[in-house]
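> Here is a sequence with its predicted model. Questions after.
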Amino acid sequence: MDSRTRRVARRSIFWALLTGMATFCLLPFLWQLLTSLKPTSEISTLPPLLPTRPVFDHYLAIFQDRPFGRFILNSVIVASLTTVSCLSIGSLAAFAIAKLQFRGRNLLLFLALSISMFPPIAAVSPLYLIIRILGWRDTYAGLVVPYTTFALPLAIWILWSVFREIPDELYLAALVDGCTPFQVFVRIFLPLAAPGIGTAAILVFIFAWNEFLYALTFTSSEAMRTIPVAIALFPGLHEVPWGEIAAATIVVTTPLILLVLFFQRRIVSGLTAGSVKG
């Protein structure tokens, strides 16, 4: 077997494995899509795999029979506020750790990352007591503040890696020209760190959008439910509306998939920032 044949064989095997992995990862989404298009009478039995007559009744039902628009609005508000909070605090903290010289900055980064090591279930009880004392139960603040606490280490880590790659000479030259550290941060570093900021924003938004445990614990009224909690509570006492669950899953998952596909290069560039020195 000559070198060209071996090269073609390796590429064929690579693409076959890649196609197989992509198909395996997409199977749950495709299954939900097919389920959402099936009439209710065809969902309870496995065959046929494809709907004999595609219907959109389940998509209409989640908006007509349930306040699904309210659930989407709640998730958008909570995820957006969490993203803004994490970027506002995380960018300042990451800039300080990366460029300002002070004792204990590496320890500060370690402490920030150590927060993400705690399992969320371990903090539910104390957080619930604090939120109830503050009167934040069934409010956006009761979700945004805990979400920010647990998503902030991710934002700090990503932005610290990005800021660290920006040459120190830019920071020192701006100081010589009379800028304060905050002015250097706003006028120079934020524009240069735009890809990393975009990556952090997308990942934090996805985390807040998908979070279930705290949203279930800290909210009780239907008007304050987020999407994961609302979908989990779709089943009734005597039935499970698989069609509506599948339709709701497709509605809330598709925007995230499109968001990741559209910004995939920026996400990869932000996650790999700082991985190569020199």
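Perfect, thanks for sending it. Residues are numbered from 1 along each chain as shown.

> Quick check, central residue of this structure?
Centroid-nearest residue in the chain: residue 206, 1.6 Å away (criterion: C-alpha atoms, centre = their mean).

> wait, isn't it in contact with residue 256?
Yes. In this structure, residue 206 is within contact of residue 256 by C-beta atoms under 8 Å, at 6.1 Å. For the C-beta atoms, the positions are set from N, CA and C on the backbone; glycine is no exception.

> The residue nearest to the centre of the chain: which element?
helix 194-210 (DSSP states H and E).

> where in the stretch 1-150 of the chain is pLDDT low?
1-2, 45-48 (pLDDT under 70).

> returning to what we had before: could I get the CA-only coordinates of the helix holding residue 206 as CSV?
What follows is helix 194-210, C-alpha atoms only, in CSV (Å, rounded to 0.1, in the frame of the first residue of the first chain):
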residue,chain,number,x,y,z
ALA,A,194,-13.7,41.0,22.9
PRO,A,195,-13.5,37.4,21.7
GLY,A,196,-12.8,36.1,25.2
ILE,A,197,-15.6,38.2,26.6
GLY,A,198,-18.0,36.8,24.0
THR,A,199,-16.9,33.3,24.9
ALA,A,200,-17.5,33.9,28.6
ALA,A,201,-20.9,35.5,27.9
ILE,A,202,-22.1,32.5,25.8
LEU,A,203,-21.0,29.9,28.3
VAL,A,204,-22.4,31.7,31.3
PHE,A,205,-25.7,32.3,29.5
ILE,A,206,-26.0,28.6,28.6
PHE,A,207,-25.2,27.6,32.3
ALA,A,208,-27.9,29.9,33.6
TRP,A,209,-30.4,28.9,30.9
ASN,A,210,-30.0,25.2,31.7
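
> hmm, who's touching it?
75, 78-80, 82-83, 86-87, 90-91, 147, 150-151, 154-155, 158-159, 161-163, 190, 227-228, 252, 256, 259-260, 263, 266-267, 269-271, 273 (C-beta atoms under 8 Å, 6 or more residues apart in numbering).

> quick one, what contacts residue 246?
32, 33, 35, 36, 58.

> From these, which land in helices?
Judged by DSSP state H, the subset of these located in helices is 32, 33, 35, 36, 58.

> Touching, the first one and residue 250? I think so.
Pointing back at residue 32 there. Yes. If you go by C-beta under 8 Å, residue 32 and residue 250 touch, sitting 5.8 Å apart.
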